[in-house]
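[1] Next one to model:
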Amino acid sequence: MSDFFKFLIRFSRGWRRKIGLSLLLMSCVFMGGWLRSIFVADSISWTSSSNACELFMSAEQNLTWQTTYDIEGLLPTMVPVWHSCALDFTIVDDAADQPVWRWRFLGFEAGEFTTQMTGDSSHGSFCSIPYWSVTVPFTLASVWLLLSKPCKSNRMKITERAANDFA
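    This next block holds a predicted model:
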């Protein structure tokens, strides 16, 4: 195992390789989240102010940020809560539960949940980005940084310049 670490340290000399390895590692993390989001919904939620609740979710191959505002009253203060559940594909989507879309393009989505949909006095807005839009650029950038050859430096050494000055 120590031979692998010695190889890794020797391989990661230079800023391009360090950044390339970091991007490759982040790409692998996002790929793992992408694969997990196919079958499992993970979310973390917290209260950001007296009438707003924030939710960050990974589900159905998307990363979603949602803000819900309580129009009538005050929300109880909530510390960050992690929730995870398996996605159930046997439930048919109801047409009445669809959000009001502001825009949708190539998996990028933004929309709102109205008070009729939530059944209470809350109003929510959300924005979703697909996992591929993060994973693919990170992977391509890491491949370019790791496999491309660095440019040669055109700077002369101090001893070479001193020899040329006397000639």
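[2] what comes up buried for stretch 100-115?
    109-111, 113 (16 or more other Cβ atoms under 10 Å). C-beta here means a position set from N, CA and C on the backbone, and glycine is covered the same way.
[3] Restricted to strands, list those.
    With DSSP state E as the criterion, strands contain 109-111, 113 from among the buried residues of stretch 100-115.
[4] Quick one: mean pLDDT over the longest helix along the chain.
    Longest helix of the chain, by residue count under DSSP state H: helix 15-39. Average pLDDT, helix 15-39: 91.
[5] helices or strands next to that helix in the packing?
    Other helices and strands packing on helix 15-39, by 3 or more Cβ pairs under 8 Å, 6 or more residues apart in numbering; DSSP states H and E, are strand 52-59, helix 132-147.
[6] May I see the buried residues of the first one?
    Using 16+ other Cβ under 10 Å as the burial criterion, the residues of strand 52-59 that qualify are 53-55, 57-59.
[7] Take the helices and strands packed on helix 15-39 and lay them out in TSV including mean pLDDT and distance to Trp82.
    TSV is the format used below for those (pLDDT from 0 to 100; distance: least, Cβ to Cβ, whole Å):
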stretch	mean pLDDT	distance to Trp82
strand 52-59	88	10
helix 132-147	93	21
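[8] if I look at Ser2, how far off is Leu146?
    Going from Ser2 to Leu146 by Cβ to Cβ, to the nearest Å gives 23 Å.
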